[in-house]
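[1] Sequence first, then the predicted structure:
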Amino acid sequence: MERTSAPTLRALLERRDLRLRLVLEEDALAGDALDRPMRWVHNSDLADPTPFLADDLVLLTTGTQFDGLDAHDVDAYVARLALRGVLGLGFGSGVHRSGVPAELIEACRARGLALFEVPYDIPFIAIARAHAEAIAAQAYARRTWALETQRALAIAALRPRGLEATLSVLGRRLECWVGMYDAAGALVHEHPSGGGPDAGAAHPGAIASMASALLARGGSASRTLEHDGATHTLFTLGRTGQLRGVIAIAAVAHDPETRAVVTSVIAMAGLALEQGEQIARSRRRLRGQLLASLLSDDPALARRVLGALPPAPVLVAIADGERTAALVEWVDQQHRDAAPAPFVAESDDGVVLCLREADAGMLDELAARFEVRVGASDPAEYSAFSHAHAQALSALRRARSGVTHYRHVGTASVLSALLTDEARVVAASRLAPVRGHDAQGGDLERTLRVWLEHDAQLEQTASALGIHRHTLRTRLTQAGTLLGMDLRAFPARAELWAALQAGG
């Protein structure tokens, strides 16, 4: 970050025109007294000036208050200054006494208080004026930095990917890591890329967890996160109840100019995301209408509106899960510059994608990334888009996880395609008498399965079960009675087989 160094005692001592001399060695000083920002310069010869002093200032004195004091009294004087937070003591040599008193040097050494000598010909007001000039120079530099930064941010906002460009400029200007998380808590942009401890950022998981927590609360807020020695400030984007994301900045503290710049970026990002959401809603409606056109097996309208569609033969895929909105955004971002890009639209069945057969690998990636189920059709021409859509929907209904292609389930039996939840309930009710009997120690259900699997042949079934064929006949008769079915008839056997398949 471009900034003039904050006025410090070290900077004051380095002014050649003042010729100030540090009496104590730097190693004898407590903490960072020489490098802490110095608030002001004050002069006083009071025996106890502390009621009139503020923290982090430098006190100048001619030493008249030390007349008649012993070393113990001088030590008490220095102790009061150190306790009040005085950064340093300047002694005006030659005004009341020549040189710096030895007892004052020892007292300052004991307390670690910076002690410097002011030449006789350097008035105290010159030191105060030099410090005031340094404060003014820093304030001017900070205002200049803020104006230049605002200008750079405004220019970045006009670029094609304005929000990302703006955040990158902010990161460069602050010289720290800046990241943006979407409404789902996923990191969608960062600068510098691969932010971590080397980039001034804490562990990515810690920041993401805090971002997700803020989004879950749903209210506009900012939070400070300290982790792995790094401090971050997180800001929510959007209105309460309609949060659009979170911006995280790896910065310890901000002066007023930096806070103004960050506040403007947060406001700009929130507005950009809000406008982006309105555009996204319009885009979703348009894509829904184009999907309806494609489902009529006529791609002419979609080609006129989009300019181009993926070349046929194409795969039609349907994705279903909790993060489908993020999925659509990811597909758009991944293929922003591709021509032609995959067609993607949201529908009641899920997110519908139309893509080249060569891009089928993308389905596995998005299924893993967004934890969604995907059903994919066989390759098809646009004139058979509706049929391919039906295939994708059928594959999706059979999918358990990941990507399921229709070619893997399309050869399944007609009976398996009819296995709905309602069919399973009916089958369980139909088999209840047999299962109730088996619960008391019978084996009728297994007997029926093996019998049907052996084409209702008694000899083969009895052998497979390890029982006598007369025992098998008795079991079949008993099962038929319990089920109220004549198992000698084919329709009854077909219904029984369907019930056994559906009943699990």
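    Cool, the structure landed.
[2] now stretch 145-155, how far from the chain's geometric center?
    Relative to the centre of its chain, stretch 145-155 is centred 26 Å away, using Cα atoms, centre = their mean, to the nearest Å.
[3] buried stuff in that stretch?
    Residues of stretch 145-155 classed as buried: 145-146, 149-150, 152-153 (neighbour count, 16 or more other Cβ atoms under 10 Å). (Glycine included, C-beta is placed from N, CA and C.)
[4] tell me the contacts of Ala82?
    Ala82 makes contact with 30, 111-113, according to Cβ atoms under 8 Å, 6 or more residues apart in numbering.
[5] List just the nearest of those to Val305.
    Ala30 (72.2 Å; Cβ to Cβ).
[6] Which of the buried residues of stretch 145-155 fall in helices?
    Counting by DSSP state H, the part of the buried residues of stretch 145-155 found in helices is 145-146, 149-150, 152-153.
[7] element containing the spatially closest residue to Pro7 that is not a sequence neighbour?
    Closest residue to Pro7 apart from its sequence neighbours, by Cβ to Cβ, 6 or more residues apart in numbering: Ala134 at 3.9 Å. In this assignment (DSSP states H and E), Ala134 forms part of helix 124-157.
[8] Are there helices or strands packed against that helix, and which ones?
    The contact analysis (3 or more Cβ pairs under 8 Å, 6 or more residues apart in numbering; DSSP states H and E) places helix 124-157 against helix 9-13, strand 40-43, strand 57-61, strand 88-92, helix 162-174, helix 256-294.
[9] Point out the one among the ones you listed that comes closest to Asp486.
    Per Cβ to Cβ, nearest to Asp486 of those: helix 256-294, 50.5 Å.
[10] which parts of the following helix or strand past that closest one are buried?
    With elements assigned by DSSP H and E, the helix or strand that comes after helix 256-294 is helix 300-306. Residues of helix 300-306 classed as buried: Ala302 (neighbour count, 16+ other Cβ under 10 Å).
[11] Output the next helix-or-strand element following helix 300-306 as CSV, restricted to C-alpha atoms.
    Next helix or strand after helix 300-306 toward the C-terminus (DSSP H and E): strand 314-320. C-alpha atoms of strand 314-320 as CSV (Å, rounded to 0.1, in the frame of the first residue of the first chain):
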residue,chain,number,x,y,z
VAL,A,314,-25.4,-33.8,-28.5
LEU,A,315,-26.0,-35.2,-25.0
VAL,A,316,-28.9,-34.0,-23.0
ALA,A,317,-28.3,-34.2,-19.2
ILE,A,318,-30.5,-33.3,-16.2
ALA,A,319,-28.9,-32.5,-12.8
ASP,A,320,-30.8,-32.6,-9.6
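[12] average pLDDT across strand 314-320?
    Averaging pLDDT along strand 314-320 gives 92.
[13] quick check: angle from that strand to helix 256-294?
    Orientation check (axes from the mean of the first three to the mean of the last three Cα atoms, to 10 degrees): strand 314-320 against helix 256-294 gives 120 degrees.
[14] Show me what strand 314-320 is packed against.
    Strand 314-320 packs on strand 350-356, helix 361-370, strand 373-376, helix 385-398, going by 3+ Cβ pairs under 8 Å, 6+ apart.
[15] Tell me which of the ones you listed sits most buried.
    strand 373-376 (a mean of 26; mean count of other Cβ atoms under 10 Å).
[16] still on that earlier bit, how near is the residue nearest to Pro7 to Leu9?
    11 Å (Cβ to Cβ, to the nearest Å).
[17] quick one: which of those two has more around it?
    Legend: neighbour count by other Cβ atoms under 10 Å for Ala134 and Leu9, higher for Leu9 (27 against 19).
[18] which residues touch the more buried one?
    Here Leu9 is in contact with 33-36, 38, 58, 87-88, 114 (criterion: Cβ under 8 Å, 6+ apart).
[19] Can you turn the buried part of the residues you listed into a PyMOL selection?
    To isolate the buried members of the contacts of Leu9 in PyMOL, using 16+ other Cβ under 10 Å:
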select buried, resi 33+34+36+38+58+87+88+114
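[20] Among the contacts of Leu9, give me the pair with the biggest separation.
    The most distant members of those, if one measures by Cβ to Cβ, are Asp35 and Val58, lying 13.3 Å apart.
[21] low-confidence ranges in this structure?
    1-5, 195-203, 252-254, 275-277, 336-339, 410-421, 504 (pLDDT under 70).
[22] What are the structural domain limits within it?
    Annotated domains of the chain cover 9-132, 159-275, 295-412, 421-503 [automatic domain parsing].
[23] for these, which one sits closest to Gly288?
    Nearest to Gly288, of the domains of the chain and by Cβ to Cβ, is domain 295-412 at 5.7 Å.
[24] picking up where we left off before, distance to Leu483 for the helices and strands packed on helix 124-157 - can I get that in JSON lines?
    Below are those laid out as JSON lines (distance: least, Cβ to Cβ, whole Å):
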{"stretch": "helix 9-13", "distance to Leu483": "97"}
{"stretch": "strand 40-43", "distance to Leu483": "99"}
{"stretch": "strand 57-61", "distance to Leu483": "98"}
{"stretch": "strand 88-92", "distance to Leu483": "101"}
{"stretch": "helix 162-174", "distance to Leu483": "67"}
{"stretch": "helix 256-294", "distance to Leu483": "47"}
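[25] Please identify the deepest-packed of these.
    strand 88-92 (a mean of 25).
[26] Neighbouring strands of that one in the sheet, and parallel or not?
    Sheet pairing of strand 88-92 (DSSP bridges) gives strand 57-61 (parallel), strand 114-118 (parallel).
[27] Isn't Ala499 up against Val425?
    No - taking contacts as Cβ atoms under 8 Å, Ala499 lies outside contact range of Val425: 11.2 Å.
[28] Among these two, which residue is more densely surrounded?
    Ala499 (21 against 12).
[29] Who are the contact partners of the more buried one?
    426-427, 430-431.
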